[in-house]
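Asks: what's the 3D shape of this:
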Amino acid sequence: MNFVKDRVNQQPIVDTVFTIVAKAKEAKKKYGADQVVDATIGSLYNEEGQLVALDSVYNSLKNLDNKVLAKYAASFTGNPTFRQKAYDWVLDGNSHLEHEVVATPGGTGAVSMTIQECLDEGQTVILPEIAWGSYALMAQMHNLEMAKYSLFEGDHFNIASFKETCLETMKKQNKLVVVINDPCHNPTGYSLTHEEWDEVIIFLNECSKTHAVVLLNDIAYIDFSSRQKEAKTYFGQFDKISDNVIVVVSFSLSKSMTSYGLRCGAAIILGQKKESVNQVKIVFEKNARATWSNINNGAMETFVDVLDNHGEEYDQERLKYVKLLKERGDIFTTEADEVGLKYYPYKEGFFVTLAMDNETRDKYHEALMANNIFTVKVNLGIRVAICSLSVEKTKGLAKKMKDILDTIQ
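Replies: Below is the predicted model of the structure:
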């Protein structure tokens, strides 16, 4: 007898990240934290090994009236002030398209809502083959098929594979929903160039002559780009989309405000036609009402207060960690180059991913743990979370990892 919907996958979820995190904790207790490299954690940590929680953000949160923290949001689409502030902060004046904003529980809510509401059961969502694992889980839970494009050709975005995957999918259905996690791609740290974005937009415009196109741009890590404001200028290229293309930008406060547990973000819907944007917004707001009903009022009010009243303090504090993250990334990639440790093209962000086939990956992952180096397996690679490693732990790590890799090859 089946108590859940017939077409849902009932295999228990195995969260490999938290499993490895637990093993790293056990190793620290046994051998001491100094003897363990824990490169599993996908959150930002300081040089003392503590989770970064920006004072400018949490002082603002704690100074809010209790009744503000306790109350419902003004609407299930989010507070008007938050929606406007999210749009202004994210787009930074770079786009002039019609737009609507729906508040979501983190960037995850925006991604899930888009995948769920823009495709019918049995249709195919287009994903990068190296990606955040939850994309695939969301597709699975909504009874969607997946087509995956190769992310890289050499040291650049594989536009040929992207096009081929889209064209094959177009033969089977009347719309395209494509996911591009950029900038600061999770888990490789790649960011598309303006020229690569131009190629993507030109191609999707061609596709839109016969198919409705939804581009889901997951920007979870954008505010820790080493390029800062320049990293947002590619949004201006979205102004070139055709009438039959909609862009949904998935914004997360989890990284931008180091507020992982407050669960707040936004789906920013962009399009040439107001009626097209409204069509998506109406369905999204109904989904919001039916799924989570309300977004954390305190998180939204904190975001607005920080940017309105503590912006300089917030920028100074955040930019200190942007600089630190770049330092860690530069150390690891420079040393990896010196010893010949192969990684996918990294430009910025929380993670560097070592490139290898999955059979080698599995053996290598076990060998690393045997040497008290804890990482996360991803498709076709090993993810190294430089966001949680101190500069001292980062130094020399690439050589250690290369030496271990040489023992299994």
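Asks: counting contacts, what elements does the helix or strand in which residue 400 is found pack onto?
Replies: Taking DSSP states H and E as the criterion, residue 400 maps to helix 397-408. Secondary-structure packing of helix 397-408 (3 or more CB pairs under 8 Å, 6 or more residues apart in numbering; DSSP states H and E): helix 311-339, helix 358-370, strand 373-374. Just so you know, the C-beta spots here come from the backbone N, C-alpha and C atoms, and that holds for glycine as well.
Asks: Off-centre distance for that helix?
Replies: 28 Å (CA atoms, centre = their mean, to the nearest Å).
Asks: Buried ones in that helix, by neighbour count?
Replies: Of the residues in helix 397-408, 397, 398, 400, 401, 402, 405 count as buried by neighbour count, 16 or more other CB atoms under 10 Å.
Asks: Nearest residue to the last one in space, please, no chain neighbours.
Replies: In this structure, residue 405 finds its nearest non-sequential neighbour in residue 364, 5.8 Å apart by CB to CB, 6 or more residues apart in numbering.
Asks: Please tell me how far the one you found sits from residue 151.
Replies: 20 Å (CB to CB, to the nearest Å).
Asks: list the contacts for residue 376?
Replies: 16, 17, 20, 39, 40, 42, 187, 382, 383, 385 (CB atoms under 8 Å, 6 or more residues apart in numbering).
Asks: coming back round to it: and the buried residues of helix 397-408 as TSV, adding distance to residue 129 and pLDDT?
Replies: Formatted as TSV, the buried residues of helix 397-408 follow (distance: CB to CB, whole Å; pLDDT from 0 to 100):
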residue	distance to residue 129	pLDDT
397	26	98
398	24	98
400	28	98
401	23	98
402	25	98
405	22	98
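Asks: Those residues: which two are farthest apart?
Replies: The most widely separated members of the buried residues of helix 397-408 are 397 and 405, with 12.4 Å between them, by CB to CB.
Asks: The stretch 51-200 of the chain: strands as residue ranges?
Replies: 98-104, 124-128, 145-149, 152-153, 156-157, 175-181 (DSSP state E, counting those that start in this stretch).
Asks: quick one: which of these is nearest residue 253?
Replies: strand 98-104 (10.0 Å).
Asks: What about the contacts of residue 376, which are in helices?
Replies: Judged by DSSP state H, the contacts of residue 376 include 16, 17, 20 as members of helices.
Asks: Between those residues, which sits nearest residue 323?
Replies: Nearest member of these to residue 323, counting by CB to CB, is residue 17, at 26.5 Å.
Asks: separation between the closest one and residue 43?
Replies: 11 Å.
Asks: what about the nearest residue to residue 199 once chain neighbours are set aside, neighbour count?
Replies: Using CB to CB, 6+ apart and skipping the chain neighbours, the partner closest in space to residue 199 is residue 159 (5.0 Å). Applying other CB atoms under 10 Å, we find 17 residues neighbouring residue 159.
Asks: In terms of pLDDT, where does residue 159 sit?
Replies: If you check residue 159, the pLDDT there is 98.
Asks: and what of residue 16?
Replies: For residue 16, pLDDT reads 75.
Asks: now it, nearest residue through space, not along the chain?
Replies: residue 377 (6.4 Å).
Asks: State the helix or strand in which the one you found lies.
Replies: strand 376-378.
Asks: What's the mean pLDDT across that strand?
Replies: 96.
Asks: Wait, residue 92 touches residue 231, no?
Replies: No. Residue 92 is beyond contact range of residue 231, at 9.5 Å (criterion: CB atoms under 8 Å).
Asks: and these two? which has more neighbours close in?
Replies: residue 231 (22 against 15).
Asks: contacting residues for that one?
Replies: Residue 231 touches 183, 191, 222, 225, 348, counting by CB under 8 Å, 6+ apart.
Asks: quick one, what contacts the most centrally placed residue in the chain?
Replies: The centre of the chain sits closest to residue 220, judged by CA atoms, centre = their mean, with a distance of 4.0 Å. Listed by CB under 8 Å, 6+ apart, the contact set of residue 220 reads 107, 181, 184, 186, 250, 251, 252, 254, 255.
Asks: Starting from residue 108, give me the distance back to the fifth one.
Replies: For residue 250, the distance to residue 108 under the criterion CB to CB works out to 8 Å.
Asks: Show me which of those two is the more surrounded one.
Replies: residue 250 (26 against 19).
Asks: Using the three-state scheme, assign that one.
Replies: strand (DSSP: H, G, I helix; E, B strand; the rest coil).
Asks: partner residues bridging it?
Replies: On the basis of DSSP bridges, residue 250 is bridged to residue 218, residue 267.
Asks: tell me the pLDDT at it?
Replies: 98.
Asks: Now do stretch 293-312: distance to the chain's middle.
Replies: 21 Å.
Asks: And stretch 190-208, by the same measure?
Replies: The chain centre lies 19 Å from the centre of stretch 190-208; the measure is CA atoms, centre = their mean.
Asks: can you start the count at 230 instead of 1 from here on
Replies: Happy to do that; since the first residue is 230 now, the last one works out to stretch 419-437.
Asks: Mind listing what's buried along that stretch?
Replies: 419-421, 425-426, 428-430, 432-434, 436-437.
Asks: Repeat that for stretch 470-488.
Replies: In stretch 470-488, counting by 16+ other CB under 10 Å, buried: 470, 473-488.
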